[in-house]
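K.L.:
Have a look at this prediction, sequence included:
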Amino acid sequence: MEFIREYADWFYLIGAVLFILTLRGLSGPKTAIAGNRYGMIAMAIAVLTTFFVADNPVVWMILAAMAAGAVVGIARARTVPMTQMPETVALMHSLVGLAAVLIAIAAIIHNNKLIELGPDLLTANGITFHEMSRVHLFELFVGCFVGAITFTASVFAYGKLAAKKWAKTISGAWVKPVQALIFLAMLGFGIHFFLSGNMTSFWAMTGLALAFGWVWIAPVGGGDMPVVVSLLNSFSGWAAAGIGFTLENNMLIVAGSLVGSSGAILSYIMCKAMNRSIINVLFGGAMGGAAAPTAAAGAQVQRNYRSGSADDAGFLMSNADSVVIVPGYGMAQGRAQNAVKELANLLKEQGVTVRFAIHPVAGRMPGHMNVLLAEADVPYEDILEMDEINSDFPATDVVLVIGANDVVNPAAKDDPNSPIYGMPILEAHKARTIMVIKRSMATGYAGLDNDLFYNDKTMMIFGDAKKVVEDMTKAINGTGH
């Protein structure tokens, strides 16, 4: 359609503005639905505009790919449980990286084919020949290796979050030298490709980038995976932006830049919440990896702790004036968010003040706990971030920790030898009474024992999170055994 071709830049500008409004809407739970709608409209505008301005598109292939993607996407969105959302997000990032690599490969093969045919033959057949400039080669160089790293790193992150056997954490003195060697070799071949256009160097660069993505993320400890997921989100955006330059698509450049910058900012915020630098997270391996087996082998079995029942917990909470609930991955794993909402409502009916405390890196991805509580329709005003709630813990009668571990570990403040020393935590240990729901005394995802579990004020309640919370509700209602 000539109208769309003529005003394509205006349509792209409208789409860009809508993408910016999307990010603004997603910054808060009350505006998130509107933000999602802006994003859907923007993407529809971008896809349709690109479809009509493309030169000689193979329509049936494009429509077939879009239909297949829509079927898979809708099916996955309808069936994925909330406990698998982090690994689903990581897998989506991998597809963006793979798309960037495939587009770069297609662009180079297409250019080489034109060179083989020759400018004279192309001109005779009415086809304009434009040999790739140094700028285009640089764009392909950046877009391809960033996309390749994003692809394999995201696949590994998916495997680790999904607890796949093939996603094994690697450690040892050899890791960093191997990472450096692969990275330097990748850059060397990439620079040679940029300077000469040599295809052998391009394939070598791509293969090394794929390998680097894997060995780069494999040593990262489990406790740092939320930051990794956020950073890979940023990388997928930069890969898309790089390919946008190659395709000369302004909308892809803008959208990729927005995703890349927002992901980078979020990664910075999360690192700040952990009192860590991004370099330390990605190359230090401080939280997890080698620490896990030592902790799991466990000094904790030699320490005394106090355990209780759901009935005991129900009695204490129903007689409290204030209760703070700290959710963690255990709540997601047990799919207990709706049971927790029912418990909170019951306590409110009895005059207890109930609030939820969220740590920035709780769960397996940024905002994981917020998503779960929103799914259960927990009021937004009851959900407080770490900086908002920490000063209230000393005056709180009961803190109920549901499957959280490292984000409430007092060692972050008290033990200079702890790998998480200096990390800001939810100061649950300052409350008058602490109750912790866990399946066992096993260490958390970062592989560290938790001093909170052995505190004199702490009562451990063992079992599945959903079952324990439901039993607490029954005890408060007087319908328990």
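P.N.:
Yep, it's here. Note that the coordinates shown come from a computational prediction; the quantities given were computed from them, not determined experimentally.
K.L.:
If you count contacts, what does the helix or strand containing Phe235 end up packed against?
P.N.:
Take DSSP states H and E as the rule and Phe235 turns out to sit in helix 225-247. The contact analysis (3 or more Cβ pairs under 8 Å, 6 or more residues apart in numbering; DSSP states H and E) places helix 225-247 against helix 85-117, helix 134-161, helix 250-273, helix 278-284. Yep, even glycine has a C-beta here, placed from its N, CA and C like the rest.
K.L.:
Show me the one of those helices that comes nearest Arg364.
P.N.:
Closest of the helices and strands packed on helix 225-247 to Arg364 is helix 85-117, at 3.6 Å (criterion: Cβ to Cβ).
K.L.:
circling back to that earlier point, which one of the helices and strands packed on helix 225-247 lies closest to Thr443?
P.N.:
helix 134-161 (16.3 Å).
K.L.:
Run the angle between that closest one and helix 250-273 for me.
P.N.:
Computed by axes from the mean of the first three to the mean of the last three Cα atoms, to 10 degrees, the angle separating helix 134-161 from helix 250-273 equals 50 degrees.
K.L.:
quick one, what contacts His136?
P.N.:
By Cβ atoms under 8 Å, 6 or more residues apart in numbering, the residues touching His136 are Phe245, Thr246.
K.L.:
buried stuff in stretch 74-93?
P.N.:
Met82, Thr83, Gln84, Met85, Pro86, Glu87, Thr88, Val89, Ala90, Leu91, Met92, His93 (16 or more other Cβ atoms under 10 Å).
K.L.:
Pull the contacting residues for Ala404.
P.N.:
Val326, Pro327, Gly328, Tyr329, Gly330, His359, Ala362, Leu426, Gly444.
K.L.:
Check Phe129 and give its pLDDT.
P.N.:
In the predicted model, Phe129 carries a pLDDT score of 45.
K.L.:
same check, this time on Gly447
P.N.:
66.
K.L.:
do the same with Asp120
P.N.:
Reading off the model, Asp120 has pLDDT 56.
K.L.:
Over to the one 5 residues further on?
P.N.:
As summarised for this prediction, Asn125 has a pLDDT of 47.
K.L.:
quick one on the thing from earlier: now the contacts of Ala404 as TSV including neighbour count?
P.N.:
Shown next, in TSV, are the contacts of Ala404 (neighbours: other Cβ atoms under 10 Å):
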residue	neighbour count
Val326	26
Pro327	30
Gly328	28
Tyr329	24
Gly330	23
His359	24
Ala362	29
Leu426	25
Gly444	25
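K.L.:
Apart from its neighbours in sequence, what residue is nearest Asn198?
P.N.:
If the residues on either side of it in the chain are set aside, Asn198 comes closest to His192, at 6.1 Å by Cβ to Cβ, 6 or more residues apart in numbering.
K.L.:
What count of nearby residues applies to the one you found?
P.N.:
Neighbour count for His192, taken as other Cβ atoms under 10 Å: 16.
K.L.:
same question, the one 4 residues further on
P.N.:
Using other Cβ under 10 Å as the criterion, Ser196 is surrounded by 12 other residues.
K.L.:
re the thing from before, need the buried residues of stretch 74-93 in TSV (columns: pLDDT and distance to Gly237).
P.N.:
TSV is the format used below for the buried residues of stretch 74-93 (pLDDT from 0 to 100; distance: Cβ to Cβ, whole Å):
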residue	pLDDT	distance to Gly237
Met82	70	24
Thr83	70	26
Gln84	79	23
Met85	79	19
Pro86	81	18
Glu87	85	20
Thr88	87	18
Val89	86	13
Ala90	87	15
Leu91	89	16
Met92	88	12
His93	87	9
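K.L.:
can you pull the buried residues of stretch 359-378?
P.N.:
So stretch 359-378, judged by 16+ other Cβ under 10 Å, has buried residues 359-373, 376, 378.
K.L.:
can you tell me the distance between the two ends of it?
P.N.:
End-to-end span of stretch 359-378 (Cα to Cα, to the nearest Å): 17 Å.
K.L.:
now what about stretch 85-92, what contacts it?
P.N.:
With Cβ under 8 Å, 6+ apart, stretch 85-92 has contacts from 76, 80, 154-155, 157-159, 161-162, 225-226, 229, 232-233, 363-365, 368, 371.
K.L.:
How about the contacts made by the residue most central in space within the chain?
P.N.:
By Cα atoms, centre = their mean, the chain has its centre lying nearest to Val229, at 3.2 Å. By Cβ under 8 Å, 6+ apart, the contact list for Val229 reads Pro86, Val89, Ala90, His93, Ala157, Leu161, Arg364, Met365, Pro366.
K.L.:
And it, how far from Ile476?
P.N.:
Distance, Val229 to Ile476, using Cβ to Cβ, to the nearest Å: 37 Å.
K.L.:
again, but for Lys466
P.N.:
Separation of Lys466 from Ile476 (Cβ to Cβ) stands at 16 Å.
K.L.:
what's downstream of whatever helix or strand the residue nearest to Asn198 lives in, the next helix or strand?
P.N.:
Following DSSP H and E, one finds His192 within helix 175-196. Using DSSP H and E, the next helix or strand after helix 175-196 towards the C-terminus is helix 199-217.
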